[in-house]
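*Asks:* the sequence and its predicted three-dimensional model are supplied below.
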Amino acid sequence: MNLWKNIFGKKSPPKGQEEQQSPFMPKKKEAVEIEFAKNFTKKGGKFIFTESHESVLENFKNILLENQWKPEEIACLNEDLATHFGLEKNAPLNTKKHKALLITCECLISNKGAFLVCQHQIETLSIDQLPPQLILFASADQFARDVSEGMSKLKQKYFGNLPTNITNLTVKSDTENDDFLAQGSSAKNIYLLLQD
């Protein structure tokens, strides 16, 4: 009789005992959102989750206050995004005048805590030509598990017309500053405004 129970009806473990996973089974993956948040903040990124348009704008103003930035010191290369945040579209980018750059991204890469961007966000600029501070605006439907999945999403979105200047933006980590291999890295200080 116990044989049939084992085959057709799984016994629940006694209280206090959790079911352990076999070491030979693949590890259970975290939700992409949780994995991204852990990896992004572990590197020093500033993650701000918002549920409404009003709270996005309020948090944007708080970022400016925290850093003592004026709206005219924030560069924005996208006219719609600039209008959304009450900024002027800046062209060309002036790193002496602009303290930070407001941009969007194509994907949030969970396993790296990084962002996939292309010409639609940074035009023809290289990452080292961008200001050291970035304010990134994204939505909760832009997560990808890894760069490969992000590239697949990019190919689907721009089917037949793949953009140029595709690259990853990473957070400047305090621990990497002492690593001589990270010298010359184009990592940035990033605020993420993520809207649900």
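*Replies:* Sure, I can see it.

*Asks:* ok now whichever strand or helix holds Lys153, how far from the chain's centre?
*Replies:* Following DSSP states H and E, one finds Lys153 within helix 147-157. Mean-position distance between helix 147-157 and its chain equals 15 Å (CA atoms, centre = their mean, to the nearest Å).

*Asks:* would you map the strands across this structure?
*Replies:* 46-50, 74-76, 100-103, 107-109, 114-117, 133-139, 143-144, 167-169, 189-195 (DSSP state E).

*Asks:* how about the nearest residue to Pro71 once chain neighbours are set aside, what does it touch?
*Replies:* Closest residue in space to Pro71, ignoring its immediate chain neighbours: Leu87 at 5.8 Å, by CB to CB, 6 or more residues apart in numbering. Glycine gets a C-beta too; all of them are placed from N, C-alpha and C. Residues in contact with Leu87, defined by CB atoms under 8 Å, 6 or more residues apart in numbering, are 71, 74, 76, 102.

*Asks:* going by neighbour count, which residues in stretch 82-90 are buried?
*Replies:* Neighbour-count burial for stretch 82-90 flags 82, 84-85, 87, 90 (criterion: 16 or more other CB atoms under 10 Å).

*Asks:* same deal with stretch 24-34?
*Replies:* For stretch 24-34, the neighbour count (16+ other CB under 10 Å) marks Val32 as buried.

*Asks:* what about it, start to end distance?
*Replies:* 24 Å (CA to CA, to the nearest Å).

*Asks:* okay if I get the strands of the chain as TSV plus distance to Glu35 and mean neighbour count?
*Replies:* Supplementary listing: these in TSV, determined by distance: least, CB to CB, whole Å; neighbours: other CB atoms under 10 Å:
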stretch	distance to Glu35	mean neighbour count
strand 46-50	13	15
strand 74-76	29	26
strand 100-103	22	24
strand 107-109	10	26
strand 114-117	12	25
strand 133-139	15	21
strand 143-144	9	20
strand 167-169	16	18
strand 189-195	14	21
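
*Asks:* what would the ones you listed look like in TSV with distance to Leu65 and mean pLDDT?
*Replies:* Listed next are the strands of the chain as TSV, based on distance: least, CB to CB, whole Å; pLDDT from 0 to 100:
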stretch	distance to Leu65	mean pLDDT
strand 46-50	13	93
strand 74-76	13	93
strand 100-103	13	94
strand 107-109	25	96
strand 114-117	24	96
strand 133-139	13	95
strand 143-144	29	96
strand 167-169	24	93
strand 189-195	12	94
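
*Asks:* I'd like the ones you listed laid out as CSV, including distance to Val32.
*Replies:* Listed next are those as CSV, based on distance: least, CB to CB, whole Å:
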stretch, distance to Val32
strand 46-50, 14
strand 74-76, 27
strand 100-103, 21
strand 107-109, 8
strand 114-117, 13
strand 133-139, 13
strand 143-144, 4
strand 167-169, 16
strand 189-195, 12
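
*Asks:* measure the residue nearest the centre of the chain to Thr83 for me?
*Replies:* By CA atoms, centre = their mean, the chain has its centre lying nearest to Leu108, at 4.0 Å. Using CB to CB, to the nearest Å, Leu108 is found at 23 Å from Thr83.
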